[in-house]
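Peer 1: With the input below, show me the fold.
(4 chains)
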Number of protein chains: 2
Amino acid sequence: MDEKQFLAEYDKRQYDSPLVTVDAVMFTYHEECLKVLLVGRSNHPDQGKWGLPGGFVDLERDSTLEDTVRRKLKEKTGIEPPYLEQLQSIGNAKRDKRGWSVTIAYTALMAYQSCEAHIATVTDAQWLALDVVSQMDLAFDHQAIIGLARERMRQKALYSIVPAYALPEAFTLPELQHLHEVLIGKSLQKKSFRRRIEQAELLIDTGEKRSEGGRPAALYRMKQASGAYTFVRNLED
Amino acid sequence: MDEKQFLAEYDKRQYDSPLVTVDAVMFTYHEECLKVLLVGRSNHPDQGKWGLPGGFVDLERDSTLEDTVRRKLKEKTGIEPPYLEQLQSIGNAKRDKRGWSVTIAYTALMAYQSCEAHIATVTDAQWLALDVVSQMDLAFDHQAIIGLARERMRQKALYSIVPAYALPEAFTLPELQHLHEVLIGKSLQKKSFRRRIEQAELLIDTGEKRSEGGRPAALYRMKQASGAYTFVRNLED
DNA sequence: TGCAAATAGTGACTTATAGACACCTTGCTG
DNA sequence: CAGCAAGGTGTCTATAAGTCACTATTTGCA
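Peer 2: Modelled structure (predicted):
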């Protein structure tokens, strides 16, 4: 055993470390409402309850926290979500019966359609409407984490077009606006909304249309640029 | 050993957990420049280098992550900072020689004056100007974490008056404006700045003045309200 | 076939907010 | 008491957001 290894072992043993998990609040938009991906817990703490997808870091397979989240989400949905953002970490002595525990929570978005087939094959995961979820008794503090994520998305809806990641690749502006309205909790002015979208220059008109009982709406998709923010007020989110 | 304890032990052993630390980027404003609190590392990984104040969660004494940060900061500065906010968690296999490690990083602000006396007694901690720090070789990924914190504060300076927590309890608007200018990296319009402050209604005129070679400036202090945000655009930060 | 209903998208006025900058105010100093 | 230096304000302009009526394009049905 060389010195490096020795130190690694030595240092590790000095401290009793909290448990470390990641959890993801994965939102989507389907049938005019926001849905969250929940999984049924099959193991001890809070067994039988529904909770957020997530779990322990696999020290061998994962090289970053994001790897862990992506891996866990892929297990449930079959794909990696197009939008993933760290939300907040919650760590205290009480949140897990097993003792001191830290979770690094993420918010993710994806289109309902992109995992519809896969999720049907997974018995322990499903999309649930947010207003149903808020009445449920979830595992750990997952209800509170969903609340945080929801509030974060509300902010995004006000100033960015990040929520578009919860829609299929091609979508219409009325669709996007409605999603924003659901997130914000009030109706928006059509004109203002469109102006914002236009100024952001983050969407491209695909040229195609989709009809819905009236004049057909133009289909847009996101530019594959790095940041998806409406207000580039002075850079960054 | 009852069942609960047994399960606790059982579950804990199933997983090899990453190391968990907290780190704080504590800013202050002194002599017209931003400073960060750094500590000299006396232990193995990166021994001898400067790094952020922080350390391991003490499972006995701390009941939340914030407790850990507050405790660590109090050790170095003698007081708990008036502003503390979670910044971001960083976790990967490479950042610490000892192996997989997660740090929950915080941003904190306090007045230079409130710990001047105490910090003089602590040999391993000191305030360093940010532009000096950016040239240094810091422990772990602390340089990057400071960069994140700095960017976050820049955002705060644009839309809030949170940076005021880096000033003494009573301060003048020109002082606050200059701090914001340093954070943002460009000069601000006096009138616009004051308008924003006024609209926010988060400061109170103490009635006192402070002279500085010209007309004396009014001294303000923060209202002890909950949120310290300028733009209550639609609630929340 | 053509008219009404329904949904998409625009024009143009109003209102709110931020930027610019000249000007006034208040203290200090010689 | 003049004039400098720094604080603080009045007001015009520019830009972005809100409002709402109007136009546009489809479907469905008399």
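
Peer 1: Any part of the lengthiest helix in chain A near chain B?
Peer 2: Longest helix in chain A, counting residues (DSSP state H): helix A:142-159. Yes. Using C-beta under 8 Å from any C-beta of the partner chain, helix A:142-159 reaches chain B at A:151, A:155, A:158. (Each C-beta comes from the backbone N, C-alpha and C, glycine too.)

Peer 1: Residue of chain A nearest DNA strand D, please.
Peer 2: residue A:215 (2.9 Å; C-beta to the nearest atom of the strand).

Peer 1: quick one: contacts for the residue of chain A found nearest DNA strand C?
Peer 2: Closest to DNA strand C within chain A is residue A:214: 2.2 Å, counting by C-beta to the nearest atom of the strand. By C-beta atoms under 8 Å, 6 or more residues apart in numbering or on different chains, the contact list for residue A:214 is empty.

Peer 1: That one belongs to a helix?
Peer 2: No. Under DSSP: H, G, I helix; E, B strand; the rest coil, residue A:214 falls outside any helix and is assigned coil.

Peer 1: Show me the domain layout of chain A.
Peer 2: When chain A is parsed with automatic domain parsing, its domains come out as A:18-155, A:160-222.

Peer 1: What are the contacting residues of whatever helix or strand residue A:55 lives in?
Peer 2: According to DSSP states H and E, residue A:55 maps onto strand A:54-56. Strand A:54-56 has contacts (C-beta under 8 Å, 6+ apart) with A:19-24, A:68-69, A:72, A:103, B:15, B:17.

Peer 1: isn't there a strand covering residue A:181?
Peer 2: No. Under three-state DSSP, residue A:181 sits outside any strand and is assigned helix.

Peer 1: is it true that it touches residue A:187?
Peer 2: Yes. The pair residue A:181 / residue A:187 is scored as a contact, 5.3 Å apart, by C-beta atoms under 8 Å.

Peer 1: Those two - which one has more neighbours?
Peer 2: residue A:181 (14 against 11; other C-beta atoms under 10 Å in any protein chain shown).

Peer 1: Contact partners for that one?
Peer 2: Contacts for residue A:181 (C-beta under 8 Å, 6+ apart) come out as A:187-188.

Peer 1: Specify the beta-bridge partners of the spatially most central residue of chain A.
Peer 2: Taking C-alpha atoms, centre = their mean, the centroid of chain A lies closest to residue A:108, which sits 1.7 Å from it. On the basis of DSSP bridges, residue A:108 takes part in beta bridges with residue A:26, residue A:84.

Peer 1: gap between it and residue A:46?
Peer 2: 21 Å (C-beta to C-beta, to the nearest Å).

Peer 1: what does chain A have sitting close to DNA strand C?
Peer 2: For chain A, the contact set with DNA strand C under C-beta under 7 Å from any atom of the strand comprises A:172-174, A:190-191, A:194, A:212-218.

Peer 1: Pipe those residues into TSV and attach pLDDT per row.
Peer 2: Converted to TSV, the residues of chain A next to DNA strand C look like this (pLDDT from 0 to 100):
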residue	pLDDT
A:172	97
A:173	97
A:174	96
A:190	97
A:191	97
A:194	97
A:212	81
A:213	83
A:214	89
A:215	94
A:216	95
A:217	96
A:218	96
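
Peer 1: now these: which count as buried?
Peer 2: A:172-174, A:217 (16 or more other C-beta atoms under 10 Å in any protein chain shown).

Peer 1: from the residues you listed, which two are the most distant?
Peer 2: The distance between the two most remote of those (C-beta to C-beta) is 6.6 Å, for A:173 and A:217.

Peer 1: ok so, going back, let me know whether the longest helix of chain A sits next to DNA strand D.
Peer 2: No. Using C-beta under 7 Å from any atom of the strand, helix A:142-159 stays clear of DNA strand D, coming no nearer than 8.3 Å.

Peer 1: starting at the chain centroid, how far to that helix?
Peer 2: Distance of helix A:142-159 from the chain centroid (C-alpha atoms, centre = their mean, to the nearest Å) equals 10 Å.

Peer 1: For whichever helix or strand comes after that helix, which strands pair with it and how are they oriented?
Peer 2: Downstream of helix A:142-159, the next assigned helix or strand under DSSP H and E is strand A:171-172. Here strand A:171-172 is paired, per DSSP bridges, with strand A:217-222 (antiparallel).

Peer 1: so how far is the partner strand from its chain's centroid?
Peer 2: Centroid separation between strand A:217-222 and its chain, computed with C-alpha atoms, centre = their mean, is 22 Å.
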